[in-house]
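Trainee: Requesting a structural model of the entry that follows:
(one chain, ligands or ions: 1)
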Amino acid sequence: MEWETIEVAREDHVAIVSFNRPEALNALSTQMAKDLINVLGYLEEKKDVWAAVLTGGKSRAFCVGADLKERKNMDTEQMKRQRALFVKAFKTVMNFPKPLIAAVHGYALGGGFEFALGCDFIIADETAVFGLPEVTLAIIPGGGGTQNLPRIIGKHRAKELIFTGRRISAPEAAAWGIVNRVVPEGELEKTYRELMKEITQNGPIALQQAKRAINFGVEVELDTGMAFEAECYNVCLTTEDRNEGLRAFNEKRKPVYKGC
Ligand SMILES: C/C=C/C(=O)SCCNC(=O)CCNC(=O)[C@H](O)C(C)(C)COP(=O)(O)OP(=O)(O)OC[C@H]1O[C@@H](n2cnc3c(N)ncnc32)[C@H](O)[C@@H]1OP(=O)(O)O
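Mentor: Residues are numbered from 1 along each chain as shown. Okay, here's the model as predicted:
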């Protein structure tokens, strides 16, 4: 499959999804939103894809947010249509059922930062810069930033970043819990390949059920969350992979999971 603004590479059970508009610092155009929705829908259906990583590809930016050049020439109707498409793209990232990790090099601003926040977690190299500058443009984050950021770093820190529109460095983002780890420049690709290999040696159905249980559970009170966790656990109980896991342990070998 080919997409105009996004590259997809495969490595075993991992899909490497890279924004591919380096000439515009991966600014989010209408076409890139369409491509991202199609790519993630395609990967959701691919049974042999167990996890994915979202990167800025060859650009010196992960994604610098909405394409302000494209937007400048839009009328109200076109803006409304683009907004609906953008919201669909952000929700497609947030609702992707398999582990989806953001690997950030360079700028992750506005919608670019919101794509990363919609992933399961973020790793970055030391060049990464994060920010939600929307209020400097007299708008607000419209890709889930006002919802995901406070859930990750708390209301007060989220309000400081959103009210100021200030950019923060990778080490600051790590100190605030936005980023799980920061690696030296040039080591991001090696790091995410190792991380994805570590994740995809595990049961793919269990990965999806763990994601479901966590995403649902953090939004509800404990008893409801525990009941939902039990539902997710039961999905794993009836898999052949679960039997393989037990067999492998008792035969003192690494399990070979098949996603069934
Ligand atoms: C739902 C989502 C909403 C949103 O995301 S709102 C938009 C939020 N994003 C922004 O406000 C970022 C705007 N861009 C900048 O602040 C700066 O740029 C950077 C800090 C990202 C980079 O600055 P520097 O390193 O000095 O490079 P440069 O000359 O400003 O940009 C290089 C080329 O990239 C284009 N570009 C940068 N950001 C965008 C963008 N968001 N939309 C469209 N193009 C962009 C520029 O125009 C220029 O291109 P040319 O060399 O042809 O002039």
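
Trainee: buried stuff in the helix or strand harbouring Val53?
Mentor: Taking DSSP states H and E as the criterion, Val53 maps to strand 51-55. By neighbour count on 16 or more other CB atoms under 10 Å, the buried set for strand 51-55 is 51-55. For glycine as for every other residue, the C-beta is placed from the backbone atoms N, C-alpha and C.

Trainee: Then stretch 9-16?
Mentor: Counting neighbours by 16+ other CB under 10 Å, one finds that the buried residues in stretch 9-16 are 13-16.

Trainee: quick one: contacts for the residue positioned nearest the centre of the chain?
Mentor: Among the residues of the chain, Cys119 comes closest to the average C-alpha position under CA atoms, centre = their mean, at 2.3 Å. Listed by CB atoms under 8 Å, 6 or more residues apart in numbering, the contact partners of Cys119 are 54, 93, 100-102.

Trainee: possible to save the buried residues of stretch 9-16 as CSV with pLDDT and secondary structure?
Mentor: Formatted as CSV, the buried residues of stretch 9-16 follow (pLDDT from 0 to 100; DSSP: H, G, I helix; E, B strand; the rest coil):
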residue, pLDDT, secondary structure
His13, 98, coil
Val14, 98, strand
Ala15, 98, strand
Ile16, 98, strand
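
Trainee: Can you report how many residues neighbour the closest residue to the residue nearest to the centre of the chain other than its chain neighbours?
Mentor: Of all residues not flanking Cys119 in the chain, Ala102 sits nearest, at 4.0 Å (CB to CB, 6 or more residues apart in numbering). Residues lying near Ala102 (other CB atoms under 10 Å) number 28.

Trainee: Tell me who's in contact with Ala102.
Mentor: Listed by CB under 8 Å, 6+ apart, the contact partners of Ala102 are 53-55, 62, 108, 115-116, 119, 121-123.

Trainee: Please apply the same query to Val183.
Mentor: Residues near Val183 by CB under 8 Å, 6+ apart: 123-126, 191.

Trainee: Throw those residues into CSV and include neighbour count, thanks.
Mentor: Below are the contacts of Val183 laid out as CSV (neighbours: other CB atoms under 10 Å):
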residue, neighbour count
Ile123, 23
Ala124, 29
Asp125, 20
Glu126, 16
Thr191, 17
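
Trainee: Next to the ligand, which bits of this protein? Give me the list.
Mentor: Residues of the chain lying close to the ligand (CB under 6 Å from any ligand atom) are 24-25, 27, 64-69, 86, 107, 109-111, 133-134, 137, 142-143.
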